[in-house]
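1. What shape does this take:
(chains A, B, C and D)
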Number of protein chains: 2
Amino acid sequence: MARDITLNRTQGAYEALRAELLSCRILPGRRLKIQELCARFSVSLGAVREALSRLTSEGLVVAEPQRGFRAAPISAADLQDLTMVRVEIETLCLRRAIDVGDVNWEAGLVAASHRLSRTPERVASDPARINEDWAEAHAAFHQALVDGCDSPWLLRLRGQLYDQSERYRRLSVPLARTERNVQDEHQGILEATLARDAETAAGLLAAHLQATTKILLSATSYDDMQGSEDADD
Amino acid sequence: MARDITLNRTQGAYEALRAELLSCRILPGRRLKIQELCARFSVSLGAVREALSRLTSEGLVVAEPQRGFRAAPISAADLQDLTMVRVEIETLCLRRAIDVGDVNWEAGLVAASHRLSRTPERVASDPARINEDWAEAHAAFHQALVDGCDSPWLLRLRGQLYDQSERYRRLSVPLARTERNVQDEHQGILEATLARDAETAAGLLAAHLQATTKILLSATSYDDMQGSEDADD
DNA sequence: CGTCAATAAAAAATATATTTTATCCCTCCT
DNA sequence: AGGAGGGATAAAATATATTTTTTATTGACG
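-> Numbering: from 1, shown residues only, chains lettered A, B, ... in the order given. Below is the predicted model of the structure:
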């Protein structure tokens, strides 16, 4: 299994580009020159174009006809809107998971929670940057939380919104001094969920998402990176 | 304005293909041979591939690595799930529109309602098929209903879900004898909305969507078109 | 007579070449 | 001197050619 990471070039380019976008290694608003990307990933025009098209539909890239592509811009207003919708969708997923989730779901959840609690948020060598492993464990935990939900559509929408919010998190976390204990919040959500207390769990999850957004909003000004043409790596 | 319908070939191919998919002129589950599509729209491989990629992200097309693309399959289970999620999202949009919508929104809504009421659902010459103008007016009415909503993300999700449900409607409407008066249901939603009665409006909208789904489910068996390789036009 | 393998054909994936479009800069006219 | 128009350059959009992969068909062997 996992015989080959990249089944084909296009998929590889898509995933690589997507990862760079989500981790904000490519900054929001930045122009995406196709040939530059071809060189970076050593694939052909077609592959990059295809990847770009898919990412456009996902809202991670915006296309301007005859003008090329750019990384989707971000803004405080968008983050607020995004969070509001996320709260609605994520709590819907969670309530449903609590309603119909089985033991396998619970098992996966406690496993993801454990892994997250044992993964350091920042790595000692570079405290300014978020730890890539932590980001992954964090995503896995929130995914595990709703995995019991039996609605493919709900989960699909949740995924889209989570990915979008990931960009804001990556961009701002290095700046935001986290006084709160995120660990405790996750723990609280976990316990209420395992206790099948939908009201409490949904409330805690909503508060968790809103708290994160509030911190991100106060920590960062999104005006200075709106349409930056320059600022290469 | 509207100087040129197709700004570029790719966009043209995308829109044409999308329209065929939504109207079920291309049946769900059907394999999408790239060269066939190139010929039909008289564009190049790249353009079709790009269009296909975008549609994949939208959930209208599924991609099988090294095996090509096919129109996204449909099923009774998917329709039920889709409807459940739609009810949640559409009512959220509507409540918000009722909350913050201004006079322009109201004006657009009554205009769309009027247009819908004056457009025949089926055209006399071909009663078996749905009238294309009606489908458009119907989409416009439901869009106008939520246009007052100030959340771009909510509206975006709503759009995705509406398009998905459109496929089921198109496929089944020719079969389903509509005894109920859809007109009245639309009228009821309109009146409650203009009266800013969010509870009633949301309830009527939910009932409207669920009623439609119920009819579609009872009228059609989705088993016979799951993965049909054959059955050309 | 059935099954496995090999080969051929078809279609997808990829790369490259060509055309079109936009932007920037320079010149010319007001 | 400032603005408008035209030409050059760079990048995106499109078309075509090539390679790789998959599937179907045929033949041989068990």
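
2. quick one: the strands in chain A?
-> Secondary structure of chain A, counting by DSSP state E: strands at A:31-32, A:61-64, A:68-71.

3. Tell me the strands beside the shortest one, with direction?
-> Within its sheet, and counting by DSSP bridges, strand A:31-32 is paired with strand A:68-71 (antiparallel).

4. quick revisit: any chance of the strands of chain A in JSON lines, with mean neighbour count too?
-> Quick note: C-beta positions are derived from backbone N, CA and C, even for glycine. As requested, those are arranged in JSON lines below (neighbours: other Cβ atoms under 10 Å in any protein chain shown):
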{"stretch": "strand A:31-32", "mean neighbour count": "18"}
{"stretch": "strand A:61-64", "mean neighbour count": "16"}
{"stretch": "strand A:68-71", "mean neighbour count": "19"}
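
5. Might one say that A:Val87 is in contact with A:Ala207?
-> No: the criterion here is Cβ atoms under 8 Å, and A:Val87 misses it with A:Ala207 at 9.2 Å.

6. Those two - which one has more neighbours?
-> A:Val87 (19 against 14; other Cβ atoms under 10 Å in any protein chain shown).

7. Enumerate the residues of chain A near DNA strand D.
-> A:31-35, A:45-46, A:49, A:63, A:65-69 (Cβ under 7 Å from any atom of the strand).

8. Could you rerun that using 10 Å?
-> A:4, A:7-8, A:31-38, A:44-46, A:48-49, A:52-53, A:63-70 (Cβ under 10 Å from any atom of the strand).

9. So is stretch A:86-93 next to chain B?
-> Yes: residues of stretch A:86-93 contacting chain B under Cβ under 8 Å from any Cβ of the partner chain: A:88-89, A:92.

10. Please convert the buried members of those into ChimeraX selection syntax.
-> Only the buried entries of the residues of stretch A:86-93 next to chain B go into this ChimeraX selection, using 16 or more other Cβ atoms under 10 Å in any protein chain shown:
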select /A:88,89,92
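
11. Narrow the residues of stretch A:86-93 next to chain B to those in helices?
-> A:88-89, A:92 (DSSP state H).

12. Just put those in a markdown table and tack on distance to B:Leu154.
-> Formatted as a markdown table, those follow (distance: Cβ to Cβ, whole Å):
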| residue | distance to B:Leu154 |
| --- | --- |
| A:Glu88 | 8 |
| A:Ile89 | 10 |
| A:Leu92 | 13 |
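
13. now the helices for chain A?
-> Under DSSP H, chain A gives helices at A:9-22, A:34-41, A:45-58, A:76-100, A:103-117, A:132-146, A:152-172, A:182-194, A:198-219.

14. Does anything pack onto the last one? Which helices or strands?
-> Packed against helix A:198-219 by the contact rule (3 or more Cβ pairs under 8 Å, 6 or more residues apart in numbering or on different chains; DSSP states H and E) you find helix A:76-100, helix A:152-172, helix A:182-194.

15. Can you name the residues of chain A sitting close to chain B?
-> Checking chain A against chain B by Cβ under 8 Å from any Cβ, the hits are A:7-8, A:11, A:46, A:49-51, A:53-59, A:65-66, A:78, A:81-82, A:84-85, A:88-89, A:92, A:151-154, A:156-157, A:160-161.
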